[in-house]
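# What shape does this take:
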Amino acid sequence: MYRPVITLSALSALVATTAAMAAAPLEISSRMLVEKRVAARDGTTRIDMVAAEKVVPGDRVTFVVAYRNTTRQPIADVVLANPVPRAVAYRGVGAGTPAPDVSVDGRTFAPMPALRVGTTGGGMRPATADDVVAVRWRLPAPVAAGASGQLAFQGVLR
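You can find the predicted model right below:
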């Protein structure tokens with residue numbers, strides 16, 4: 001079984017990393033979506049997720065990381081990590097996605113309640129979503145041959 005550890009960069013570097021991973025046993029693709037409000041004829045409003053071509057501060061965005069096993073063997077111990085861009089405030093897990101471990105320093109990952117950050121007075125306080133600089137998922141089962149899936153997290157452009 002192949003055992004990769006894959007780290008994706010966000011925004012511009014994400015595309016370059018995705019292209020480099022295209023030949024790997026675990027094919028990775030990623031995209032950023034933005035919420036768009038659409039008015040219906042009946043006066044109601046719905047929210048659609050569309051490819052982010054232009055985003056402005058305050059826009060709610062979703063980062064989607066898709067993966068596919070291109071081999072004829074299962075791939076075990078898959079770890080997918082993604083930095084949260086500095087211009088984005090992390091807001092939580094994407095719909096239908098298991099909660100990732102998060103990091104406030106880019107090195108240590110844990111569930112949010114387990115993380116603490118230093119204060120200006122030298123003390124410590126519980127980490128909040130605004131402190132998150134990276135997310136990481138450990139897939140609980142091997143990715144079967146030819147199988148695929150996707151994971152997502154949400155944020156707000158600062």
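
# Helices of this structure, start to end?
Under the criterion DSSP state H, helices of the chain are mapped to 12-21.

# Poorly predicted segments of it, please.
1-23 (pLDDT under 70).

# for it, which strand is longest?
strand 26-39 (DSSP state E).

# partners of that strand, with directions?
strand 45-51 (antiparallel), strand 60-69 (antiparallel) (DSSP bridges).

# now that strand, how far from the centre of its chain.
Distance of strand 26-39 from its chain centroid, counting by CA atoms, centre = their mean, to the nearest Å, is 11 Å.

# List the buried residues for it?
26-35 (16 or more other CB atoms under 10 Å). Heads up, the C-betas are built off the backbone N, CA and C, glycines and all.

# Check stretch 112-126 too.
For stretch 112-126, by 16+ other CB under 10 Å, it's 112, 115.

# first vs last residue of it, how far apart are they?
Length of stretch 112-126, first residue to last, CA to CA, to the nearest Å: 8 Å.

# chain center to that stretch, what's the gap?
The gap between where stretch 112-126 is centred and where its chain is centred comes out at 23 Å by CA atoms, centre = their mean.

# on that earlier part again, closest to Thr120 out of the buried residues of strand 26-39?
Thr120 lies nearest to Met32 out of the buried residues of strand 26-39, by CB to CB, at 32.6 Å.

# gap between the residue nearest to the closest one when sequence neighbours are not counted and Ala147?
Leaving aside its sequence neighbours, Met32 sits nearest to Ala52 (CB to CB, 6 or more residues apart in numbering; 4.3 Å). Using CB to CB, to the nearest Å, Ala52 is found at 27 Å from Ala147.

# Compare those two and say which is more crowded by neighbours.
Ala52 (18 against 13; other CB atoms under 10 Å).

# So the more buried one sits against Lys36, correct?
No. Here Ala52 does not reach Lys36: they are 9.7 Å apart, not a contact under CB atoms under 8 Å.

# quick one, which of the strands paired with strand 26-39 is packed in tightest?
Comparing these by mean neighbour count (mean count of other CB atoms under 10 Å), strand 60-69 comes out on top with a mean of 20.

# Quick one: distance of it to the chain centre.
Mean-position distance between strand 60-69 and its chain equals 6 Å (CA atoms, centre = their mean).

# Only alpha carbons, please: show that strand as PDB.
Extracted C-alpha coordinates of strand 60-69, given in PDB (Å, rounded to 0.1, in the frame of the first residue of the first chain):
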ATOM      1  CA  ARG A  60     -17.700  33.800   2.200                       C
ATOM      2  CA  VAL A  61     -15.500  31.200   0.500                       C
ATOM      3  CA  THR A  62     -15.300  27.400   0.500                       C
ATOM      4  CA  PHE A  63     -12.000  25.600  -0.300                       C
ATOM      5  CA  VAL A  64     -12.600  22.200  -1.700                       C
ATOM      6  CA  VAL A  65      -9.900  19.500  -1.900                       C
ATOM      7  CA  ALA A  66     -10.800  16.600  -4.100                       C
ATOM      8  CA  TYR A  67      -8.800  13.400  -4.300                       C
ATOM      9  CA  ARG A  68      -8.800  10.200  -6.500                       C
ATOM     10  CA  ASN A  69      -6.800   7.000  -6.200                       C
END
